[in-house]
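*Asks:* only geometry, no sequence info:
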């Protein structure tokens, strides 16, 4: 097969698929078994996944999403690097303007999501004054998230809402992205490969942790995925045709399989997954038509809203699903959870747009005040 430039619709479909993978994973993985090898490796988890697929085939959807769904994160990592490289190869990148733009794009929605979580969880758990009680209980974790340092503090990365670990994580990428572009401009592909190898070897050498900080909450182990996004975007710009031989695809599949069995090759599971995902999308996306095509594009458009709200909206349905422990009830409750997540995500996005409009109007009024 050949690599081709991703269109905007293809990018949105990939985002739509990725956020559904993540949301369903976040619902399914809190069952007792199986657990995923996301932030640390254990062969027992792989063994548990295989055992459940063999002994409980009716639970295959839950088991597969629980174990593999988190890889949707790699899709967003890749697309972030790919999209920004395409954009800033045509426009001048001014470092602090770039960072402030990312803060302006993400923080209004993030703050609204925090408020919605405090309101819903607070009222549900503690009654009318619950939101204030929730804030008093979790203000430290909220501040750590908003200051983007929680991932560097042991036991705080997944607080107060697990999926929100991604917000400080992606800002780590934003902070170093301009330097990655300069690295490519100076050393080209060899620079990205050298940096990727160094990060992988370093991660494996220290056992994925330094002074109690899990490196998988940082960008270090994911640098190869970022590098691949930058590399492919640069090839698009230079109109360089890339042929992907079948032997490379088979080798990547083998690495992904072995990476879920052998701990020292687990560090390659992220990059091997994204390569396999891109190959699969090259085959699947042209065959997606009609309502499914439109639904996935729309899902991609609201993917940030879905990401921000799915983590705390899962629990009422999830507790019920775990208590019932029935494969059909689990799927039905997961679909209900997704429907509610869509509704709340749409509300969040509309509130964000309204907030941004109000802020722009206020700034305009202040600027032109006599």
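*Replies:* Received, thanks. Remember, it's a predicted structure, so these values are computed and weren't measured experimentally.
*Asks:* let's verify residue 261: helix, strand, or coil?
*Replies:* Classification of residue 261 using DSSP: H, G, I helix; E, B strand; the rest coil returns coil.
*Asks:* show me the contacts for it.
*Replies:* If you count contacts by C-beta atoms under 8 Å, 6 or more residues apart in numbering, residue 261 has them with 43, 46. Every residue, glycine included, has its C-beta placed from N, CA and C.
*Asks:* count the neighbours of residue 302 for me.
*Replies:* 18 (other C-beta atoms under 10 Å).
*Asks:* the closest residue to it other than its chain neighbours is in what secondary structure piece?
*Replies:* Once flanking residues are discounted, residue 302 sits nearest to residue 345: 5.0 Å by C-beta to C-beta, 6 or more residues apart in numbering. Counting by DSSP states H and E, the element that carries residue 345 is helix 327-367.
*Asks:* show the pLDDT at the residue nearest to residue 302.
*Replies:* Looking at residue 345, its pLDDT stands at 98.
*Asks:* helices along the stretch 101-250 of the chain, start to end?
*Replies:* Along the stretch 101-250 of the chain, counting by DSSP state H, counting those that start in this stretch, helices occupy 130-146, 166-205, 223-237, 246-259.
*Asks:* before we move on, the earlier item: so the residue nearest to residue 302 touches residue 309, yeah?
*Replies:* Yes: Residue 345 lies in contact with residue 309 (C-beta atoms under 8 Å); the separation is 5.4 Å.
*Asks:* who's more crowded, the two?
*Replies:* Each of residue 345 and residue 309 has its neighbours counted (other C-beta under 10 Å); residue 309 has more, 28 against 25.
*Asks:* the more buried one and residue 116 touch, don't they?
*Replies:* Yes: with contact defined as C-beta under 8 Å, residue 309 reaches residue 116; the gap is 6.7 Å.
*Asks:* any common contacting residues for those two?
*Replies:* 344, 348.
*Asks:* check which helix or strand covers the most centrally placed residue in the chain.
*Replies:* Nearest residue to the geometric centre of the chain (C-alpha atoms, centre = their mean): residue 73, 3.0 Å. Assessed by DSSP H and E, residue 73 sits inside helix 72-88.
*Asks:* ok, residues contacting that helix?
*Replies:* Taking C-beta under 8 Å, 6+ apart as the rule, helix 72-88 contacts 6, 11, 14-15, 17-22, 25, 98, 166, 170, 173, 177, 180-181, 222, 225-230, 232-234, 236-237, 270, 273-274, 277-278, 303.
*Asks:* try stretch 301-316
*Replies:* 12, 15-16, 18-19, 22-23, 26-27, 30, 76, 106, 109-110, 113, 116-117, 120-121, 124, 161-164, 166, 299, 337, 340-342, 344-346, 348-349, 352.
*Asks:* tell me the buried residues in that stretch?
*Replies:* Across stretch 301-316, burial judged by 16 or more other C-beta atoms under 10 Å covers 302-314.
*Asks:* of those, closest to residue 134?
*Replies:* residue 312 (10.6 Å; C-beta to C-beta).
*Asks:* please report how far the residue nearest to residue 302 lies from residue 134.
*Replies:* 21 Å (C-beta to C-beta, to the nearest Å).
*Asks:* go on, residue 178?
*Replies:* 38 Å.
*Asks:* neighbours around residue 353, how many?
*Replies:* Neighbours of residue 353 using other C-beta under 10 Å come to 12.
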